[in-house]
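A.B. asks: Please find the sequence and the predicted model below.
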Amino acid sequence: MKNKLLLSSLLIGTAFAAGCKPSVESSVMPSPAMAMQQVDKAQAATTEAAKDIQDYAYAQKSQFVAGMRAQLSGLNRAVQELSTKVENSSEAIKLEARPKIVALRVQAEQLKMQLDAAQNASETSWNGAKAETQKIYGAMKDGFAQARQWLAEKIVP
């Protein structure tokens, strides 16, 4: 038992001492060629990682489009509710609000067409299609919020 303890202590001490010694390689400055190789390896790894991320995003295309279609459906319902409120209000409000409602419906149609394009996007065109879809959705959402705010100010509950 005592021998095992002594032997294990000796092995641990040797391993610790060997691990603490500076290696010859780390004390020598790398050559420019070695540095360039390391940079090239890092760039290749970064490119591969970026490609993996892009593949993942493209792989999620159907989920993204389905989620955006659900968002569009919700906005269309909200626009319809807004339209109903407008139709139940005074003529002056109707005249002023109808162009806003029409603009929202045009944006909804643009978003629908963009979602169709995004659904059919290739891997190379996916990022652009996704960005354009998000841009159109954001514009429609902002337009709806402004129209709803405008109507809330015009119609006192």
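C.D. replies: Noted; the coordinates are in hand.
A.B. asks: Helix or strand: which one has Q63?
C.D. replies: Using DSSP states H and E, Q63 sits within helix 61-87.
A.B. asks: List the buried residues for that helix?
C.D. replies: Under the neighbour-count criterion of 16 or more other C-beta atoms under 10 Å, helix 61-87 has 61, 64-65, 68, 72, 75-76, 78-79, 82-83, 85-86 buried. Every residue, glycine included, has its C-beta placed from N, CA and C.
A.B. asks: Likewise for stretch 108-128?
C.D. replies: Residues 108, 111, 114-115, 118-119, 121, 126 are the ones in stretch 108-128 that count as buried (16+ other C-beta under 10 Å).
A.B. asks: Can you flag which of those residues belong to helices?
C.D. replies: Mapping these onto helices (DSSP state H) picks out 108, 111, 114-115, 118-119, 126.
A.B. asks: Kindly present the buried residues of stretch 108-128 as JSON lines, with separate columns for pLDDT.
C.D. replies: As requested, the buried residues of stretch 108-128 are arranged in JSON lines below (pLDDT from 0 to 100):
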{"residue": "A108", "pLDDT": "94"}
{"residue": "L111", "pLDDT": "94"}
{"residue": "Q114", "pLDDT": "95"}
{"residue": "L115", "pLDDT": "94"}
{"residue": "A118", "pLDDT": "92"}
{"residue": "Q119", "pLDDT": "93"}
{"residue": "A121", "pLDDT": "92"}
{"residue": "W126", "pLDDT": "91"}
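A.B. asks: ok, so of the residues you listed, who is nearest K154?
C.D. replies: Checking these against K154 by C-beta to C-beta gives A108 as the nearest, at 22.1 Å.
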